[in-house]
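1. Take a look and give me a structure for this.
(chains A, B and C)
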Amino acid sequence: MKENFNVIGRPIIRQDGKAKVTGQAKFADDYKVPGMLYGVMVRTKSAHAIIKNIDYKEIINDKNIVAILDASCVPGEKITGLVRKDQPIFAFEKIVTPGDVVAMLVGESEDILRKLTGRVKIELEELPILADPEKALDEDAPLIHPEFKSNLIVHYPLRKGDVEKGFAESEFVIEQTYTTPHVEHAYIEPECVLAIPLGEKGIHIIGSIQNPFTARRIVAGVINYPLNKVFIEQAELGGSFGGKDDLMCILSARAALAALKTSRPVKIKYTREESILESYKRHPYIMHYKVGFNRDGRIKSMKIDILADGGAYASMSPFVTWRSVVQATGPYEIENVWTDVRAVYTNNPYTGAMRGFGSPQIVFAQESLMDEIAIFLGMTPDDIRRVNGYKNGSITASGQILKNHDVNVLTVLNKACETTNFRKKWIENQKHQNRKIPTIEFQEDLLKNKLIISEKEFIEPEDTWKQGIGLAVSFRGTSLGAEGTDAAAAYLSLQVDGTAYLLCGLAENGQGMRTTFSIIVSEILGIPLEMIHYLDMNTAYIPDSGPTVASRSTLMGGGAVKNAAEILRQRLSQFLKNYWNLSAIDEIEFVNGRVFAKNKNLEMYLSELCSLAYKNSICLASIGWYPAPNVHWEESTGRGDAYFTYVYGCQVAEVRVNITTGEVYVDKITAVHDAGKIINLLGAQGQVYGGVTMGVGYGVFEELDKYNGFPRELNFDQYLIPTSKDVGEIVPIFVEGNEVVGPWGAKSLGEPTLELTAAAINNAIRNATGERYFNLPINLEEVLLKRKLRPEDLKRGSL
Amino acid sequence: MIPELEYKKPKTLNAALKFLNQNAKAKVLAGGTDIIPGFHIESKRFIDIKTLVDIKEIPELRKIVEKKDSIEVGAAVTFAEICEHPVIRKYVPLLADAASMLGSLQIRNRATIAGNFVNNAPCADSVPPLLVYDAKIQIQSEKRISEISLQKFLLQPYKTALKKGEIVTKIIIPKPPEDFRGLFYKLGRRRAVAISRISLALLISLENGLIKELKIGSGAVTPIGMRLYDVEKYAKGKIASRETFRELAIMLGQKVLGITGLRWSSVYKLPVIQNLFYQLLSKLVEYEKN
Amino acid sequence: MRKIKIQFKLNHNDIVVETFPNRRLLDLLRDDLNLTGTKEGCGIGECGACTILINNKAVNSCLILAPEVDGKEVLTVEGLSSNGQLTTLQENFLKYGAIQCGFCTPGMVLSAHALLIKNSQPIEDEIKDAIAGNLCRCTGYKQIIEAIKATVKS
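-> Below you'll find the predicted structure:
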């Protein structure tokens, strides 16, 4: 695994950096074309209702309106969806969430159109609101989508061994329930898309689109065009984190419909309030764990029941919950496992892909539980993981044998503990006698609460801050797993002057992927990075490579890029071998814009080689293709090789808790990740800093609260994400385990960095205060009262 | 969105007051950090406005002047200017502290002191310090000029004693006696750019181990910023000990509960403010002793 | 509503524009003057993506009406570098990996630029304070702070 690399693993300046730091990089709203119109959405103030009538008569003759679009204007699929078709482009039968759009007004002035939306008269028959996912499967629960006859979106079972027998044979049995909230992606760039009609050639759509090929499929279906007439171009994306998928497909379709109807370019640009109102969120989970174990720490049996709030539309619920069913036990070898994960419809904001994709929730639960088991047995948190953690050859809950790569659970754990001096600090903190946090007993009948404290209950200022350390470990299956077709393409075209064009089907979300891919080409062909031009992403110019999700860009996209570069290297080497009369092509080296024959005094510029090869009719372009190794999944039993390989991570959190106010301050997170080979070092470090910071938000203060299906926080004054002052030190450490797949063994990093932090923080809080928390976020009220407080109505939640 | 309106930028106070008097639908524009977001969310506080009168070019509204016994802060002085000004930091440091914690730097570079309390939003951070400093405000209209204590000016949430045609022109803060020590405390849900959930300004002077005078300004936890005179009165002459502080904290809790009544946030805020008050006072006095 | 004339200095050049008084400075810059480097993230002055400098002070351009800049000096991200030459601060943003999606970057760089104009030797806490009003969801701020620190040293 340790090779001498010229470019790989070094700190490389991002290729798109200069354009971004000078403000020249063009994001979706930066595009303006002549004749451009705006599309503005018409919504209702209902969370659940039947649409009786839509009346435009008050505005139909308004000179500011160029067109009005609703479901009646859709020539193709009126109802779409990434997995299950339940989401209309324009709502026409029912409203199932306040984000639903009934119509779109198109005209020249956005401001005037927004004023006019209020004059569309929509007659509704209100329906009872289903806001509690635990009631979704009751006999009398309102059906969100009656055509499916049930509010159950999906159920994944997993059966290994015999859990009841396992419990019977265990010395101890513990049960716990954990919950997590709705969370908003909060990309700083709100959604925006521009559709430009091209007449006979089709339609050109440029926008903040995370998954161009998915968008193309959805748009083509809605406007009834063949795939090759729909050109989806990705503008510079201002963050996505999984959040610009479904909604962007729908917005692209709406814009396309309007562009075709008016024969003019149409832009849709969301305000932050619209973005939060209509975009999907992370699934809230209610997780019930029952675990049986022995005094040596060995876990014998685990029964897991998870309920995911899928909200108004299925979206990615089937895939998010599938990942959870595969990974819910954590990286621990357990003989008997029964897992059931269900996702249900409610009238809450719909939920879909968000960085982590079903893992941050379960890691929070399972890692908190592991710590509880350790404390119960008088063991340290690291030791309990050593007893149960996966090793090479371990068998997962779905029966997969972990092989072909270094199963580095214990390596990352040991590294993290050693770097932070974990054990000593943890034991030291556990010993503190009066560190127990005086939590407040909450009475449902508000009047019964003891609001005035007594003399004895005062906390001395010297005693108010408590310190704690905690850890969490995880494993994560790479790429899509058994979710779908998993392959990626790349296009590389050398020019006779030694410069190159590069494009991969996986799209840049901001994570630095274009640079990573350029590094790979540079390493293989020796082309200096500044001579590689990364092309703009357009679905016409590269084969469908699936969505840019699951932290698969480096692994799958990089695999395709490596393939494309190796094809050319092979071709050019073959030519050069003959030209220079060498005995083998591996005598040839490509470094820094030149090619050399080792041990012979032969060299030339790469540009010369390209020129020569071209003159000899050698093709200087290639398409690389990287299909994932086979995986499989048996739906009814949850057995199978779910993912073709895994990554491992351990994070240690060091926190301070103010037991008077409930403030939790994260002083330091040490993040040890085995993501395989690190190709783009600055990018990888950035993923750790960014993922951990998002994880701190998830653990300590982020929550999209709702009231009867309506999101309470609609902008950044109320939905709070971490600022520069909210996180302390973050230390990224990379362990590069041996791996057979991916470019030089590079695997996944983007999501593992986020999924661990909240769990590590919860365990650190336990160490600091002696109190265990079960409900994210662990905010001020949760720390002191072990619950959230909410206004009785839709008032601002953050006060 | 921002409604159609006219924009005026008078160069003198008289011109501004004359215009405001003659135009009922004119509103003062200072920092814009309240009114522009208000337009964005179509707040009921900002409807039917036809003209914005930008007062930032009126010289006397932008000055900080040190007088012999007081400090005068122009209504349109920004929070960035306030937290950096040597006179503010020297004589009324609690105001500088509150100013430095308000919003973000971008907001502080625009938001003005009068703009902060003239809308009387419950969590205006400048209010608790101004209250404990016994600040007065000067109000002018075309026809009259008057002074009123800040406490009397603040009536109810989002309502002040300001009448049509009137502008706050300056804040007059008497220089506190030298033996006062104080602090400003703010609790938000995150460490920066956060709305206050609890804010407290404290000033205390001691004599021979006894509390000579205690001033308490509460914000965010009461519906409007206010002084807690009953607790202050009780504290006078008591021994400055932790035992006394606990007693005062309990009394404070009871007073606040009496003012707010039982609210959804009371179960958290009341116990917390009692403990905080106790801790802050203990640290403040002990600091003073050292 | 009548248009009004506004005269100000923009990126070191004197300009005169005519626009409606209720126009946000952000929209004047982005739409009328085609300077799309300044971004809109929230519209209420919370995210800082619209940060520009007025008389060397960082402000949210989404909260400022166009007529308010009459007679002032405005600096946007486009005005930082001249003839393609980046400032040291911008070079360090590249060198330290302080940019991911890039949407917060213009505002972030301007906040840092304003800080260094005022205080050439800020400590880490002062740096964090200066950028606390610039939200970033991608980078976790660490590399941004490193880039600013490196600029201080040089």
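2. C-alpha from now on. contacts and neighbour counts both.
-> Fine.
3. and chain B, which residues reach chain C?
-> B:2-7, B:32-33, B:36-37, B:40, B:54, B:103-107, B:109-110, B:192-193 (C-alpha under 8 Å from any C-alpha of the partner chain).
4. go with 7 Å
-> Contact residues, chain B versus chain C (C-alpha under 7 Å from any C-alpha of the partner chain): B:2-7, B:32-33, B:36-37, B:104-107, B:109, B:192-193.
5. Write the ChimeraX selection for whichever of these are buried.
-> A single ChimeraX command selects the buried members of those (16 or more other C-alpha atoms under 10 Å in any protein chain shown):
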select /B:2,3,5,6,7,32,33,36,37,104,105,106,107,109,192,193
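6. which residue packs closest to residue 242, ignoring adjacent ones?
-> Here I'm looking at chain A. Nearest residue to A:Gly242, sequence neighbours excluded (C-alpha to C-alpha, 6 or more residues apart in numbering or on different chains): A:Met354, at 4.5 Å.
7. Hmm, no, I was thinking of chain B.
-> Leaving aside its sequence neighbours, B:Arg242 sits nearest to B:Ser282 (C-alpha to C-alpha, 6+ apart; 6.3 Å).
8. just B:Leu228 next, same as before
-> Closest residue to B:Leu228 apart from its sequence neighbours, by C-alpha to C-alpha, 6+ apart: B:Ile216 at 5.7 Å.
9. what pLDDT, on average, does stretch B:109-116 get?
-> Averaging pLDDT along stretch B:109-116 gives 96.
10. and if you look at stretch A:533-542?
-> Over the span of stretch A:533-542, the pLDDT mean works out to 96.
11. which other residues reach it?
-> For stretch A:533-542, contacts defined as C-alpha atoms under 7 Å, 6 or more residues apart in numbering or on different chains pick out A:212-213, A:231-234, A:489-491, A:500-505, A:507, A:514.
12. tell me how far the ends of that stretch are from each other?
-> One end of stretch A:533-542 to the other measures 15 Å (C-alpha to C-alpha, to the nearest Å).
13. ok, back up a step: for the residue nearest to B:Leu228, list each beta-bridge partner.
-> Beta-bridge partners recorded for B:Ile216 (DSSP bridges): B:Leu202.
14. Next up, the contacts around it.
-> B:Val132, B:Ala201, B:Leu202, B:Leu203, B:Arg227, B:Leu228, B:Glu232.
15. Kindly reformat these as CSV containing neighbour count and pLDDT.
-> Below are the contacts of B:Ile216 laid out as CSV (neighbours: other C-alpha atoms under 10 Å in any protein chain shown; pLDDT from 0 to 100):
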residue, neighbour count, pLDDT
B:Val132, 27, 98
B:Ala201, 29, 97
B:Leu202, 26, 97
B:Leu203, 22, 97
B:Arg227, 23, 97
B:Leu228, 17, 97
B:Glu232, 17, 98
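16. Return the closest of those with respect to A:Val7.
-> Comparing the contacts of B:Ile216 against A:Val7 with C-alpha to C-alpha picks out B:Ala201 as the nearest, at 57.1 Å.
17. I'd like to know how far that closest one sits from chain A.
-> 17 Å (C-alpha to the nearest C-alpha, to the nearest Å).
18. Just to check, that residue is in contact with B:Pro128?
-> Yes - counting by C-alpha atoms under 7 Å, B:Pro128 is a contact partner of B:Ala201 at 5.3 Å.
19. shared neighbours, these two?
-> By C-alpha under 7 Å, 6+ apart, the residues touching both B:Ala201 and B:Pro128 are B:Gly217, B:Ser218.
20. For chain B, what's the nearest residue on chain C?
-> Of all residues in chain C, C:Val59 sits closest to chain B, at 4.2 Å by C-alpha to the nearest C-alpha.
21. so what secondary structure elements neighbour the helix or strand harbouring that residue?
-> Element membership for C:Val59 (DSSP states H and E) is strand C:57-60. On a contact count with 3 or more C-alpha pairs under 7 Å, 6 or more residues apart in numbering or on different chains; DSSP states H and E, strand C:57-60 meets helix B:105-108, strand C:51-54, helix C:105-118.
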